[in-house]
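Novice: Turn this into a model:
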Amino acid sequence: MNYTSIECASSTSEQFVPMSPAKTLKVYWLETKFEWLKTIRNPAFALPAILFPVIFYLFFGVLMNHGNVQAASYLLSTYGTFGVMGPALFSFGAALAVERGKGWLDIKEASPMPASAQIISRLIVSMIFSLLIIISLGIIGVFFGGVELSVFQGALLSVILVFGGLPFCLLGLALGMMLKAESAPAIVNVIYLPMAFLSGLWIPITMLPNFLQTFANFLPPYHLSQLALKVMQQDVGDSVFTHLLALTLFAVIFFVFALVAHKRKQN
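Specialist: Predicted structure coming up:
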């Protein structure tokens with residue numbers, strides 16, 4: 001064996017040496033840190049993600065329903081659902097498609113970084129944005145809308161909405177793997193806004209025609225908003241198990257779509 005083959009064998013063996021748990025954790029931390037910095041330095045994403053739900057809630061939930069605490073409480077839950085959908089769909093869907101189109105994901109996949117690091121980092125950043133949105137809506141609802149929200153209710157509502165955003169992250173991941181960079185933002189919006197309206201996030205679901213109320217059961221925002229409305233005791237009455245099961249099924253379906261799209265991208 002010549003020196004060249006020895007060097008190649010040595011470099012190959014070094015390439016597959018697994019990282020220690022401490023180094024792996026540091027990689028996840030750094031990827032999350034830079035994903036966060038990249039996101040907040042992009043005003044085209046960061047500002048609309050937080051301001052749109054807040055402005056809509058301030059206008060429709062507080063100003064147009066001034067003195068109507070029940071409406072303000074209802075819309076706090078539904079606009080909270082609307083708020084967590086945005087970062088999930090656009091961070092994973094539109095942003096991922098753009099980065100994939102520029103070849104940035106190929107560079108990351110060729111690096112020694114664990115493949116899951118870029119997904120976990122986006123998920124954490126999306127959850128942080130969701131929490132900021134929920135806190136902002138809660139402050140407006142309590143101080144300007146007259147919403148009576150205990151500490152336990154506020155914490156429970158936050159947990160439901162933040163972790164309930166997982167199916168939308170997986171939907172965004174599937175879209176980000178399938179869509180082209182040029183069309184991704186428009187297509188995500190076409191999915192995002194009608195799905196929100198048909199799920200009863202902008203007006204009470206009971207005000208929609210009966211066939212649309214039935215159709216809402218096949219949309220994930222409806223089930224998440226109903227879980228959030230249970231905290232306010234304003235849901236339509238289905239069980240918690242029903243909504244959790246539906247969200248779990250949606251998450252599994254979107255995850256399968258993302259895997260299929262990823263495999264097609266590699267072929």
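
Novice: Ala117 versus Ile124, what's the distance?
Specialist: Distance of Ile124 to Ala117, given as C-beta to C-beta, to the nearest Å: 11 Å. Placement of C-beta: from N, CA and C, glycine included.

Novice: and for these two, which residues touch both?
Specialist: With contacts defined as C-beta atoms under 8 Å, 6 or more residues apart in numbering, no residue is shared by Ile124 and Ala117.

Novice: Hmm, Val62 is touching Phe143, no?
Specialist: No: with contact defined as C-beta atoms under 8 Å, Val62 does not reach Phe143; the gap is 9.7 Å.

Novice: which of these two has more neighbours?
Specialist: Val62 (22 against 10; other C-beta atoms under 10 Å).

Novice: Not counting its neighbours along the chain, what's nearest that one?
Specialist: Spatial nearest neighbour of Val62, chain neighbours left out: Gly145 (4.5 Å); criterion: C-beta to C-beta, 6 or more residues apart in numbering.

Novice: isn't the one you found right up against Val69?
Specialist: Yes: Gly145 lies in contact with Val69 (C-beta under 8 Å); the separation is 6.9 Å.

Novice: Who has more neighbours out of these two?
Specialist: The residue with more neighbours, out of Gly145 and Val69, is Gly145; 25 against 13, by other C-beta under 10 Å.

Novice: And the more buried one, how close does it get to Leu170?
Specialist: Using C-beta to C-beta, Gly145 is found at 32 Å from Leu170.

Novice: shaky segments in the stretch 151-267 of the chain?
Specialist: 266-267 (pLDDT under 70).

Novice: on that earlier part again, state the distance from the residue nearest to Val62 to Val151.
Specialist: 18 Å.

Novice: cool, Pro220 as well?
Specialist: Pro220 is 28 Å from Val151, by C-beta to C-beta.

Novice: Which residue of these two possesses the greater neighbour count?
Specialist: Pro220 (26 against 7).

Novice: so which helix or strand takes in the closest residue to the more buried one other than its chain neighbours?
Specialist: Among residues not flanking Pro220 along the chain, Phe250 sits closest, at 4.4 Å (C-beta to C-beta, 6+ apart). In the assignment (DSSP states H and E), Phe250 maps to helix 240-266.

Novice: Buried residues, that helix. List them.
Specialist: Using 16 or more other C-beta atoms under 10 Å as the test for burial, helix 240-266 gives 243, 246-247, 250-251, 254-255, 257-258, 261-262.

Novice: Poorly predicted segments of the stretch 1-150 of the chain, please.
Specialist: For the stretch 1-150 of the chain (pLDDT under 70), the answer is 1-19, 106.

Novice: at 80 instead, please
Specialist: 1-21, 43-45, 66-67, 93-115 (pLDDT under 80).

Novice: What segments of it are helices?
Specialist: Along the stretch 1-150 of the chain, counting by DSSP state H, counting those that start in this stretch, helices occupy 3-15, 21-40, 43-56, 69-89, 95-101, 104-110, 117-144.

Novice: Compute the inter-axis angle for the last one and helix 21-40.
Specialist: Right, helix 117-144. 50 degrees (axes from the mean of the first three to the mean of the last three C-alpha atoms, to 10 degrees).

Novice: What angle do helix 240-266 and helix 117-144 make with each other?
Specialist: 140 degrees.

Novice: quick one: contacts for the nearest residue to Phe163 once chain neighbours are set aside?
Specialist: Among residues not flanking Phe163 along the chain, Met127 sits closest, at 7.8 Å (C-beta to C-beta, 6+ apart). Counting by C-beta under 8 Å, 6+ apart, Met127 touches 162-163, 165.
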